[in-house]
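S.K.: Turn this into a model:
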Amino acid sequence: MKNLVMAFLLCLVCAIAPAQAPLHMQAGITFLYDHYNFVDSNRGISASDDRGNLAFGAFFDAIYLRAIVEYQRAISGTIQIAGSSIDYPSSFSISFINALALVKYPFQLGSTTIWPAVGMRYSHPLSYTIGFDALADPTTAVADLYVSFGGGLDFTSGSVVFGLSALFDYNLTPSQTTNTLYPGEQVSSFDLELGLNVGVAL
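M.R.: Reported below is the predicted structural model:
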């Protein structure tokens, strides 16, 4: 029985190996939808900010390291305070430049590459306006550092690589923690990013 199992595994490896595309560095463009959530709890009163963002940018992939720079802009949002829900006004404007660095480990199955990853993301705000009130210095108020977990799938067709990715970003520096008003105030936020990537093998 043991020999039969070993023979089956050997045949499987031999069948898959010829179809595997070699790992290549790549560069390309990325499009993402991002869901952002922020919660501020204090003395039994909870406030939350749910926001949808779209982003596009460029990436460079060195097989085990992926670097991404993207422009991100909010497209919708809802603020909830003590059970009351308010949609962002039509005049709101929130945008960021994001820089991500991911360490990844690719696994190949034929022409498909699966890559779990972990890394860091820095979000630098460009504008932050809700209604008619703009933050005078959004950089110090809402600049944030995230730790990222997730991964993706890459599909190779010739020299073109199509990819899907998903990342969970946990905010290490939610902005309100630098200006806590009350003892015991708890602030947390996270992002969930879903991406479509198109690259060229180098």
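
S.K.: hey, let's count contacts and neighbours off CA atoms from now on
M.R.: Will do.

S.K.: State the next helix or strand along the chain beyond the least confident helix or strand in the chain by mean pLDDT.
M.R.: Least confident helix or strand, the chain: helix 2-16 with a mean of 51, by mean pLDDT, DSSP states H and E. Sequence-wise, the next helix or strand downstream of helix 2-16 (DSSP states H and E) is strand 26-42.

S.K.: Okay, buried residues for the biggest strand by length in the chain please.
M.R.: For the chain, the longest strand by residue count, based on DSSP state E, is strand 112-130. For strand 112-130, a neighbour-count test (16 or more other Cα atoms under 10 Å) marks 112-128 as buried.

S.K.: Surely Y128 and R73 touch.
M.R.: No - the criterion here is Cα atoms under 8 Å, and Y128 misses it with R73 at 10.1 Å.

S.K.: Identify the contacts common to these two.
M.R.: Here Y128 and R73 have 93-95 as joint contacts, going by Cα atoms under 8 Å, 6 or more residues apart in numbering.

S.K.: so where is this structure shaky, pLDDT-wise?
M.R.: Low-confidence regions of the chain, defined by pLDDT under 70, span residues 1-21, 43-44, 83, 130-141, 175-185.

S.K.: 50 instead, please
M.R.: By pLDDT under 50, the weakly predicted segments of the chain are 4-5, 8, 12-13, 15-19, 181.

S.K.: Now N37. Nearest residue, chain neighbours left out?
M.R.: What sits nearest to N37 in space, not counting adjacent residues and going by Cα to Cα, 6 or more residues apart in numbering, is D50, at 4.7 Å.

S.K.: In contact with that neighbour: list those residues for me.
M.R.: 35-38, 77-79.

S.K.: Apply 7 Å and report the result again.
M.R.: Applying Cα atoms under 7 Å, 6 or more residues apart in numbering to D50 gives the contacts 36-38, 77-79.

S.K.: Can you turn the buried subset of the residues you listed into a selection I can paste into PyMOL?
M.R.: Of the contacts of D50, the buried ones go into a single PyMOL selection, burial set by 16+ other Cα under 10 Å:
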select buried, resi 36+37+38+77+79
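
S.K.: which other helices and strands contact the helix or strand containing I68?
M.R.: Using DSSP H and E, I68 falls within strand 65-81. Counting contacts by 3 or more Cα pairs under 7 Å, 6 or more residues apart in numbering; DSSP states H and E, strand 65-81 is packed against strand 45-61, strand 84-87, strand 93-104.
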